[in-house]
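>>> prediction below, plus the sequence it came from.
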Amino acid sequence: MCTLSERDRKVNWHPYTQMQTAAPAVPIVRGEGAYLYDDKGNRYIDAISSWWVTLHGHAHPYIAQKVSAQLHTLEQVIFAGFTHEPAILLSERLLALLPENQSKVFYSDNGSTAVEIALKMCLQQAYNKGIPKTKILAFKDAYHGDTFGAMSVSGRSVWTAPFKDQLFDVLFIDPPNADNLPALKDTISQYTQELACFVYEPLIQGAAGMLMHRAEDLDNLLGFCRSLSIPLIQDEVFVGFGRTGTLFAANHLKTKPDIMCFSKGLTGGTMPMGITTCTETVYQSFLSKDRYKALFHGHSFTANPLACAAALASMDLLLQEETLQRIQSITEQHIAFAQSITGHPKVKTVRHTGTILAIEWHTGEDTSYFNQFAAALYGYFWDRGILIRPLGNILYLVPPYCMSNEDLDYIYKTISQALETL
Ligand SMILES: Cc1ncc(COP(=O)(O)O)c(C=O)c1O
């Protein structure tokens, strides 16, 4: 009889995986809280929230109950010409939590589509006004997703190399720091007339290796772009819903974006969903007697009621005092642990913002996604019952908020042991 891994290999093609050399995929049969269980009954602590999505733990009974109730009432309806209460309620409740300039919600299925829609809003906004813009401003090494628009505004790398001739025109700048702001502003000034928007990951560039910049430097840069009327797209797909220690990265910043993107934690990691929000000004630029000025974008599952129900349930849990305290507690524990390993000869840098912790290891090889050390790190933790997914030689933790102090301590201890052993 074939194992699940063998059956999988016959029919499935996995993301970000060289299928010829990859180890067989591990069958996961069950999840509960911060744990995943494989088909042999082994338990693993999910230290990366299953690609940064899980907020309150796997198979959360409250979310399951709400989604199940919705499933028995209305599972799906076309969102062009129709609406439903879960989508109305979710938009009302989300907008109430966002910067007050956010006014309208556009639904889609994932983080990449949330970014695609944001880019289309900016490009078409200029087109509708009769002053088309051709360029987009983004950070070097940015990651905004894998569809063509999202890939275009992501840093050029081996991931994007096969498609380089199909990617559109982007002005890439370094993320801000205390020294480079004048130079960044100078570069931006030269392209003001052409720029349709600035798209950025606020505070943390996740896929780039959990690179972090200071809120005050980003704010300074955003304020400058605002003074030049360059629309701001804040991609909170990764950092939204508590990851940075506050509900949104926006809570660390004074400059309010024109457009915001969400996914991942939006449904607590339960159902696929993307959201793009925008200001009334952006929305108004699509209003016209001319039907051609509408935003011609939509997906079959736009505002799927089940995903809306999951997002509403996740929001209930997120706003509970207990969850906010867990976010605070994880943040404090990360700070203490980061201090304890700072200066270790194997630690090149250790970075933390809110519930996200990243450790860059000295390995003798350059820091990169393809650093060979990733496999050794992964195996060491897996053998000890912990799921991590290093970005090359960068080990990071993005724990679900339900993770217990004991499990977090166990992960820290395992990191300390790995620093002595590997
Ligand atoms: C900042 C950011 N934007 C967009 C995306 C793309 O999201 P998705 O994988 O849901 O398409 C990601 C995914 O990691 C992300 O980190």
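Right, received. Where do you want to start?

>>> can you name the residue of this protein nearest the ligand?
Residue of the chain nearest the ligand, by CB to the nearest ligand atom: G111 (2.1 Å). From N, CA and C alone the C-beta is placed, and that goes for glycine too.

>>> need the contact list for that residue.
With contact taken as CB atoms under 8 Å, 6 or more residues apart in numbering, G111 is in contact with H144, G145, A150, D235, V237, F238, C261, S263, K264, G274.

>>> ok, which pair from the residues you listed is furthest apart?
Maximum pairwise distance among the contacts of G111 (CB to CB): 13.9 Å, between A150 and K264.

>>> which of these two has more neighbours?
When A150 is set against K264 and neighbours are counted by other CB atoms under 10 Å, the residue ahead is K264, at 29 against 25.

>>> not counting sequence-adjacent ones, nearest residue to the more buried one?
Counting by CB to CB, 6 or more residues apart in numbering, K264 lies nearest to V53, which is 4.5 Å off, once chain neighbours are set aside.

>>> ok so, going back, and the residue of the chain closest to the ligand, how close does it get to I173?
22 Å (CB to CB, to the nearest Å).

>>> now do A375
Using CB to CB, we find A375 at a distance of 33 Å from I173.

>>> how about the helices of the stretch 1-150 of the chain, start to end?
Secondary structure of the stretch 1-150 of the chain (DSSP state H, counting those that start in this stretch): helices located at 4-11, 49-52, 61-71, 85-97, 111-128, 148-152.

>>> output those in a markdown table; the columns should cover mean pLDDT.
Output for the helices of the stretch 1-150 of the chain, formatted as a markdown table (pLDDT from 0 to 100):
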| stretch | mean pLDDT |
| --- | --- |
| helix 4-11 | 97 |
| helix 49-52 | 98 |
| helix 61-71 | 98 |
| helix 85-97 | 98 |
| helix 111-128 | 98 |
| helix 148-152 | 98 |
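
>>> of all those, which lies closest to D383?
The minimum distance between D383 and the helices of the stretch 1-150 of the chain falls on helix 4-11, with 17.6 Å, by CB to CB.

>>> which of the residues in the closest one are buried?
Within helix 4-11, the residues that count as buried by 16 or more other CB atoms under 10 Å are R9.

>>> for stretch 314-332, same thing?
Of the residues in stretch 314-332, those scored as buried under the neighbour-count criterion (16+ other CB under 10 Å) are S314, M315, D316, L317, L318, T323, L324, R326, I327, I330, T331.

>>> any idea how far S314 is from the residue nearest to K264?
With the distance defined as CB to CB, V53 ends up 10 Å from S314.

>>> determine the residues that are contacts of both of the two.
Counting by CB under 8 Å, 6+ apart, the contacts common to V53 and S314 are G265, G269.

>>> using CSV, list the CA coordinates for stretch 227-242.
The C-alpha atoms that make up stretch 227-242 are tabulated as CSV, following Å, rounded to 0.1, in the frame of the first residue of the first chain:
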residue,chain,number,x,y,z
SER,A,227,3.9,65.9,0.0
LEU,A,228,4.5,65.0,-3.7
SER,A,229,1.0,63.4,-3.9
ILE,A,230,2.3,59.9,-4.6
PRO,A,231,-0.4,57.4,-3.6
LEU,A,232,0.7,55.1,-0.8
ILE,A,233,-0.1,51.4,-0.8
GLN,A,234,0.7,49.8,2.6
ASP,A,235,1.0,46.0,2.2
GLU,A,236,0.0,44.6,5.6
VAL,A,237,-0.6,41.1,4.2
PHE,A,238,2.1,39.7,6.6
VAL,A,239,2.2,42.3,9.4
GLY,A,240,-1.5,43.0,9.9
PHE,A,241,-3.6,41.6,12.7
GLY,A,242,-1.2,41.9,15.6
